[in-house]
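**Q** here is my input; please provide its structure:
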Amino acid sequence: MIKLPPFDKNLGRDIKTIDIDGHKPTHASVFLLWYSLPTRDIKNVCELGSGTGFVSFGLSKYYNLKVTGIEVQEELFNASVKAIELNNVYNVDFFNLDLKDVKNHFSAESFDMVVFNPPYHFSSSSENKIREISRKSSQELLEIFISSASFLLRNRGTFVTVVAPYIFPLLNNILLKYRLTPQQMCIAYGKKAELIAIRGRKNGGMHFEIDRPVYF
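**A** Model prediction:
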């Protein structure tokens, strides 16, 4: 298990993103970036659903990792590409790609770490198309994220994800189906438990720890 520094809600304050109506970095983005602290064996990482690039830029700037971001929404993808120069980082690449097609564009087990903050609001709806796609989830969509993560991740590689607590039982079942073993978890509280971050390994052992909670 990795020992994390104290949570800093201002983590990433120097990261510049081009915000789009219906989508901007949130406390979930900061939580994911913090929980994705790499171990020494991690050199290249893939972010699934990279949005406007906040987490990808943070992984590059703070940890000097080679980062690949995959985003299905063209407007968000374009914003992330434009922000590369704003952040003065050039070891980040973004791809405008549906996760259903990752097997046609990437080699299996080509990343040391895969991180993702998938849509997890099953009942969400919005007139804003970008917000709707970014937030609304289903069991099928969760499975697409997790199966893609498993395909891209090397054996014993690290995955990190952030979701709402209420979908944890479903999420855990899908993770295990695709040989992604949760090993570490942190709960983030606002007025109640709002988010959980989960970290583990592909084909990892069954040892499991719960970190001290985070307060937004």
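**Q** what pLDDT does residue 206 get?
**A** If you check residue 206, the pLDDT there is 87.
**Q** what's the burial count for it?
**A** Using other Cβ atoms under 10 Å, residue 206 is surrounded by 7 other residues. Quick note: C-beta positions are derived from backbone N, CA and C, even for glycine.
**Q** same check, this time on the one 3 residues further on
**A** Here the neighbour count serves as a burial measure; for residue 209 (other Cβ under 10 Å) it reads 10.
**Q** nearest spatial neighbour of the residue nearest to the spatial centre of the chain, chain-adjacent residues omitted?
**A** Nearest to the centroid of the C-alpha atoms of the chain, with distances taken as Cα atoms, centre = their mean, sits residue 116, at 2.0 Å. Taking Cβ to Cβ, 6 or more residues apart in numbering as the measure, residue 116 lies nearest to residue 48, with 3.9 Å between them; neighbours along the chain are not counted.
**Q** wait, isn't the one you found in contact with residue 149?
**A** Yes: shown here, residue 48 and residue 149 form a contact pair, counting by Cβ atoms under 8 Å, at 6.2 Å.
**Q** any common contacting residues for those two?
**A** When contacts are counted by Cβ atoms under 8 Å, 6 or more residues apart in numbering, the set common to residue 48 and residue 149 consists of 114, 116.
**Q** the nearest residue to residue 202 once chain neighbours are set aside and residue 77, how far apart?
**A** With sequence-adjacent residues excluded and distances taken as Cβ to Cβ, 6+ apart, residue 202 is closest to residue 153, at 4.8 Å. Using Cβ to Cβ, to the nearest Å, one gets 22 Å for the distance from residue 153 to residue 77.
**Q** more neighbours: these two, which one.
**A** More neighbours surround residue 153 than the other of residue 153 and residue 77, with 26 against 21 (other Cβ under 10 Å).
**Q** give me the beta-bridge partners of the more buried one?
**A** Counting by DSSP bridges, residue 153 is bridged to residue 111.
**Q** quick one, helices of the chain?
**A** With DSSP state H applied, the chain shows helices at 27-35, 54-63, 74-87, 129-135, 139-152, 168-177, listed in chain order.
**Q** residues near residue 98, how many?
**A** When counting by other Cβ under 10 Å, one arrives at 13 neighbours for residue 98.
**Q** so where is the chain shaky, pLDDT-wise?
**A** Residues of the chain meeting the criterion pLDDT under 70: 120-137.
**Q** dig out what the nearest residue to residue 75 once chain neighbours are set aside forms beta bridges with.
**A** Once flanking residues are discounted, residue 75 sits nearest to residue 20: 5.8 Å by Cβ to Cβ, 6+ apart. With DSSP bridges as the criterion, residue 20 is bridged to residue 23.
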